[in-house]
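Trainee: Okay, predicted coordinates and the sequence, questions at the end:
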Amino acid sequence: MYFADLELCFYHSGPHDAYEWQVPLRAVGWLEHPHEFSKGTAAEGLVARIHEIVEQTHSVYAQHSFRGLHECSHCVATGVQRPYLDGSHRNIFVPGIDSEK
């Protein structure tokens, strides 16, 4: 499954569907082979902040922060064998302020 950045996210059905939020739910950072993605150096503190948001999301939306494990399509495509990617399977919800972007 793949969602392009800022595409409406219909990953969750029911009350957490894309249109059920005050600002429509959009996908960001959904990585899936063979789709390209930007790479570079992360700003200082970004990774720590993402971990904080992961924990905040899990505490409020535990049933939606993890929807099951799957094989990493990038690992499969390159022959890398990883039993799991620590923390990379978690969904996060980041509030937005503009439903038009």
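Mentor: Good, I have the coordinates.
Trainee: where's the residue nearest the centre of the chain, which helix or strand?
Mentor: Centroid-nearest residue in the chain, with Cα atoms, centre = their mean: Asn91, separated by 4.6 Å. Counting by DSSP states H and E, there is no helix or strand that carries Asn91.
Trainee: Check what pLDDT it gets.
Mentor: pLDDT recorded at Asn91 is 72.
Trainee: before we move on, what about Tyr2?
Mentor: 82.
Trainee: Pull the contacting residues for the residue nearest to it when sequence neighbours are not counted.
Mentor: Nearest residue to Tyr2 in three dimensions, chain neighbours excluded: Glu32, at 4.0 Å (Cβ to Cβ, 6 or more residues apart in numbering). For the C-beta atoms, the positions are set from N, CA and C on the backbone; glycine is no exception. Taking Cβ atoms under 8 Å, 6 or more residues apart in numbering, we find Glu32 in contact with Met1, Tyr2, Ser73, His74.
Trainee: mind putting these in TSV, neighbour count and secondary structure included?
Mentor: Listed next are the contacts of Glu32 as TSV, based on neighbours: other Cβ atoms under 10 Å; DSSP: H, G, I helix; E, B strand; the rest coil:
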residue	neighbour count	secondary structure
Met1	8	coil
Tyr2	12	coil
Ser73	15	helix
His74	16	helix
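Trainee: Turn these into CSV, including distance to Val47.
Mentor: Below are the contacts of Glu32 laid out as CSV (distance: Cβ to Cβ, whole Å):
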residue, distance to Val47
Met1, 24
Tyr2, 23
Ser73, 22
His74, 19
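Trainee: which of those lies closest to Ser13?
Mentor: The shortest gap between Ser13 and any of the contacts of Glu32 belongs to Met1, at 13.4 Å (Cβ to Cβ).
Trainee: how far away is the closest one from Glu36?
Mentor: Distance of Met1 to Glu36, given as Cβ to Cβ, to the nearest Å: 17 Å.
Trainee: hang on, the earlier thing: correct me, but the residue nearest to the centre of the chain touches Thr57?
Mentor: Yes. Using Cβ atoms under 8 Å, Asn91 makes contact with Thr57 at a distance of 6.8 Å.
Trainee: what residue of the chain is the furthest out?
Mentor: Ranked by distance from the centre of the chain (Cα atoms, centre = their mean), the top residue is Gly79, with 23.2 Å.
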